[in-house]
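J.: Kindly return the folded structure for what I paste below:
(one chain, ligands or ions: 1)
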Amino acid sequence: MIPVNQPLLNGREKELLAQCIESGWISSDGPFVSEFERRFSAYIGANHGVAVCNGTAALETALFAAGVSKGDEVIMPAFTIISCALAAIRLGAIPVLVDAEPDTWNMNVSQIEARLSSKTKAIMPVHIYGHPVDMDPVMAIAKKRNLIVVEDAAEAHGAEYKGRKCGSIGQISAWSFYANKIITTGEGGMVLTSDPEMAARAASYRNLCFRPEKRFYHTKLGYNFRLTNLQAALGLAQLDRVDEFIQIKRRLGEYYRQGLRKIKGIKYQVEKPWAKMVYWMYCIELDSALGLNAQNMMEGLKEKGIGSRPFFLGLHEQPALHDLGLFKGEHYPVTERIAQQGLYLPSGMALTEKQVDEVVVSVSDVIRRI
Ligand SMILES: *Cc1c(COP(=O)(O)O)cnc(C)c1O
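T.: A predicted model of the protein is given here:
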């Protein structure tokens, strides 16, 4: 079986975990947590890092820190993980959607303007599958309308937009270190910002909104979203190798592309001239004219021992969100199409070129069989 993902944990991971156990520092109070915050924020280019327990919590913490609250609207892509909508909803805010672009599958920034209202408070670009969103127009709208830009960079560690790292462009960004992300702590996340007040609000929300001067006296409702020293130990070991991981991903991504471009009816993200993408996942969209959808392809690949995963289903097609009265009758045609026709192929760092060849041949076989 060629797995869809597999982390590489053969650096200092064991050594640093052993140090946690030997020293007894296993909670969020251990020294690796702040070291990880310092090193990751420096790597991306932000002044402050606030480590949290996962990427979903990071998104909610970032929106809280940005001052999003009841009745505010947050503009986000329809084509993303439900975590983005949840973050807004949990704070009493309303997610407002734009469709995906057909070529990068990122939020179509030309549709943002039409979705603005007097309640709009923030824009949440999501760098889908490691390809940066076209940030200049987003930042221009935000500046003009005094909005906060909260980047969801969970899939884009090390990706760059016009030479700047994703996650350092908006006022605040949210990260995930889930096991399939470019660097991992198993479960984990972080909020990055260069605004000291936002950083302080994020740190407070993560830690039950304790007040430094008056502990156990709370003026806001927070969470325990803390990351442990054990997880931060993994994060530090992974961070040692982040540039190497990105190099591997980019090399394999290029190699996939060489193979896939010979197959008719397949689309993939193509790096824009202003982008450095990191190929978080190797994704394909099947042309509907081929007569098969992502589900058919995934079943065909499974028979050949190849793991794959479907694309996101649009937020506007989620029953749980309809139950809240959201997105009734809304349609986002690109999102709807790629949700049916898109999938990702094995994308692990341990993948060999021979395995990529096998995947490419298998994709071609499944198409031919239909
Ligand atoms: C993985 C991911 C998240 C959520 O991260 P978790 O750590 O799994 O909660 C959020 N946004 C995007 C775009 C992601 O890919």
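
J.: Quick check, residue 333 in contact with residue 99.
T.: Yes: here residue 333 reaches residue 99: they are 6.8 Å apart, a contact under CB atoms under 8 Å. For the C-beta atoms, the positions are set from N, CA and C on the backbone; glycine is no exception.

J.: Of those two, which one has the most company?
T.: More neighbours surround residue 99 than the other of residue 333 and residue 99, with 21 against 11 (other CB atoms under 10 Å).

J.: how close does that one get to the ligand?
T.: Note on residue 99: its distance to the ligand, by CB to the nearest ligand atom, to the nearest Å, is 17 Å.

J.: What about whichever residue of the chain sits closest to the ligand, how many residues nearby?
T.: The nearest approach of the chain to the ligand comes at residue 55, 2.4 Å away (CB to the nearest ligand atom). By the criterion of other CB under 10 Å, residue 55 has 24 neighbours.

J.: Isn't it up against residue 173?
T.: No: the criterion here is CB under 8 Å, and residue 55 misses it with residue 173 at 10.9 Å.

J.: Mind pulling the model confidence for the residue nearest to residue 188 when sequence neighbours are not counted?
T.: Leaving out its chain neighbours, the residue that sits closest to residue 188 by CB to CB, 6 or more residues apart in numbering is residue 177, at 3.7 Å. Here, the pLDDT recorded for residue 177 equals 98.

J.: thinking residue 177 is in contact with residue 237, fair?
T.: No: taking contacts as CB under 8 Å, residue 177 lies outside contact range of residue 237: 11.7 Å.

J.: neighbour-wise, which of the two wins?
T.: Neighbours per residue, other CB under 10 Å: of residue 177 and residue 237, the larger number sits with residue 177, 31 against 22.

J.: how close does that one get to residue 293?
T.: Between residue 177 and residue 293 the distance is 32 Å, computed by CB to CB, to the nearest Å.

J.: do residue 11 as well
T.: Taking CB to CB, one finds residue 11 at 39 Å from residue 293.

J.: And residue 15, by the same measure?
T.: 46 Å.

J.: neighbour count winner among those two?
T.: Neighbour comparison, residue 15 and residue 293: the larger count goes to residue 293, with 16 against 10 (by other CB under 10 Å).

J.: so what's that one closest to, chain neighbours aside?
T.: Of all residues not flanking residue 293 in the chain, residue 340 sits nearest, at 5.1 Å (CB to CB, 6+ apart).

J.: Please list all residues in contact with the one you found.
T.: By CB atoms under 8 Å, 6 or more residues apart in numbering, the contact set of residue 340 is 288, 293, 294.

J.: So which one of these is the model least confident about?
T.: At the low end of pLDDT for the contacts of residue 340 is residue 288, which has 94.

J.: what's the neighbour count on that one?
T.: Using other CB under 10 Å, residue 288 is surrounded by 12 other residues.

J.: what's near enough to touch the closest residue to it other than its chain neighbours?
T.: Excluding the flanking residues, the one nearest residue 288 by CB to CB, 6+ apart is residue 341, at 6.2 Å. By CB under 8 Å, 6+ apart, residue 341 lies in contact with 285, 286, 287, 288, 293, 294.

J.: which of the residues you listed are the two that sit furthest away from each other?
T.: Spatial extent of these (CB to CB) is set by the pair 287 and 294 at 11.9 Å.

J.: Of the two, which one has the most company?
T.: Taking neighbours as other CB under 10 Å, residue 287 and residue 294 compare with residue 294 leading, 21 against 13.

J.: And for the more buried one, nearest residue in space, chain neighbours not counted?
T.: residue 343 (4.2 Å).

J.: Repeat that for residue 339.
T.: Nearest non-adjacent residue to residue 339, counting by CB to CB, 6+ apart: residue 313, 4.9 Å away.
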